[in-house]
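Enquirer: sequence? don't have it. structure:
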DNA sequence: AACCAGGTCTCGA
DNA sequence: TCGAGACCTGGT
């Protein structure tokens, strides 16, 4: 399918989603119960698997007018340069249950481990797909399934089981959540054990279309301090970012995240020169 | 081998 | 409302 301004690699490698992996020129991933392979050739997205054009257009937010968003969030030279470097990075529109359950697990863990935990949860509770991969489990499957200890979730295990039961029982209402504005949705999300400021913002941004949400993790905190001299509480930094970047602050946040991520990876590979001989 | 990670919870001021 | 400390576990 033909796509507008879009960079598949930046988009799938920006820490938004946890079930995609690079496989040569292809990206392999599972979204809900669809197993997919994607490859980009300039303005063409090559698709293998059960995804129609409408689904991908929605998932990758291809209808967002990126140039208009760039114009809106380019409030200073610094962010403009970052945007220019990662042009085509898009936010991904995730399904609410999968997004919220995934980010519930994401607290205080690094991306490789988050991917492991989620893969483990899918293998343990999710439906097996024709190609051998596993769908993300439904709240019912997760609430009623067997041993969660094998998933190695640590203290997140109880959070996830409780959340799944709560959604299954209708105590936490995902349809109600979808109807709330940004502030109300964050307030409602934070009633869930394990969902705090940061995770609530991730869910609001990645699955509820609240593009002003600005999740602040350690990289964004670092970026906001180094680039704008802003530090302090979550509320302070997040609100400053939202005021500074405006109604698409979440987009600005994602570009900063990828820039910080790349900078950190580059620094760590430079400082560890391959094999090191142990001290005598 | 320490330190850190897409943080949250609890508790005391 | 805010800051401080604890926390499962695996990567780096």
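Expert: Thanks, I have it. What you are looking at is a predicted structure, and each value in this text was computed from that prediction instead of being measured.
Enquirer: quick one: which helix or strand includes the residue in the stretch 151-280 of chain A that DNA strand C sits nearest to?
Expert: The stretch 151-280 of chain A approaches DNA strand C most closely through residue A:154 (2.1 Å), counting by Cβ to the nearest atom of the strand. (Glycine included, C-beta is placed from N, CA and C.) Assessed by DSSP states H and E, residue A:154 sits outside every helix and strand.
Enquirer: what about it, how many neighbours?
Expert: 13 (other Cβ atoms under 10 Å).
Enquirer: near DNA strand C, which residues of the stretch 101-250 of chain A show up?
Expert: Neighbours of DNA strand C within the stretch 101-250 of chain A, by Cβ under 7 Å from any atom of the strand: A:108-110, A:112-113, A:116, A:152-156, A:232-233, A:235-236.
Enquirer: can you give me the helices for the stretch 51-200 of chain A?
Expert: A:53-59, A:66-73, A:77-85, A:96-105, A:111-125, A:139-144, A:156-168, A:174-178, A:182-189, A:197-207 (DSSP state H, counting those that start in this stretch).
Enquirer: tell me the contacts of the residue of the stretch 51-200 of chain A found nearest DNA strand B?
Expert: Per Cβ to the nearest atom of the strand, the residue of the stretch 51-200 of chain A with the smallest distance to DNA strand B is residue A:196, at 2.5 Å. Residues in contact with residue A:196, defined by Cβ atoms under 8 Å, 6 or more residues apart in numbering, are A:107, A:190.
Enquirer: for it, phi and psi?
Expert: In terms of degrees, to the nearest 10, the main-chain angles of residue A:196 are phi -110, psi -160.
Enquirer: same check, this time on residue A:22
Expert: When quoted as degrees, to the nearest 10, the phi and psi of residue A:22 stand at phi -70, psi 140.
Enquirer: next one: residue A:153
Expert: phi -90, psi -10.
Enquirer: ok, now how distant is the residue nearest to it when sequence neighbours are not counted from residue A:142?
Expert: Excluding its sequence neighbours, the residue lying closest to residue A:153 (Cβ to Cβ, 6 or more residues apart in numbering) is residue A:117, at 5.5 Å. Distance, residue A:117 to residue A:142, using Cβ to Cβ, to the nearest Å: 13 Å.
Enquirer: ok so, going back, near DNA strand B, from the residues of the stretch 101-250 of chain A next to DNA strand C?
Expert: Answer for these near DNA strand B (Cβ under 7 Å from any atom of the strand): A:108-110, A:113.
Enquirer: How far does stretch A:160-167 sit from its chain's centre?
Expert: Put simply, stretch A:160-167 sits 20 Å off its chain's centre (Cα atoms, centre = their mean, to the nearest Å).
Enquirer: Mean confidence (pLDDT) on it, please.
Expert: Average pLDDT, stretch A:160-167: 98.
Enquirer: Return the set of buried residues in that stretch.
Expert: For stretch A:160-167, burial by neighbour count (16 or more other Cβ atoms under 10 Å) applies to A:160, A:162-167.
Enquirer: Next: stretch A:257-266.
Expert: Quick answer for stretch A:257-266 (16+ other Cβ under 10 Å): A:257-260.
Enquirer: could you check whether it is close to DNA strand B?
Expert: Yes: using Cβ under 7 Å from any atom of the strand, stretch A:257-266 reaches DNA strand B at residue A:257.
Enquirer: Average pLDDT for that stretch, rounded please.
Expert: Mean pLDDT, stretch A:257-266: 94.
Enquirer: anything in it near DNA strand C?
Expert: No: Stretch A:257-266 is not in contact with DNA strand C by Cβ under 7 Å from any atom of the strand; minimum separation 8.3 Å.
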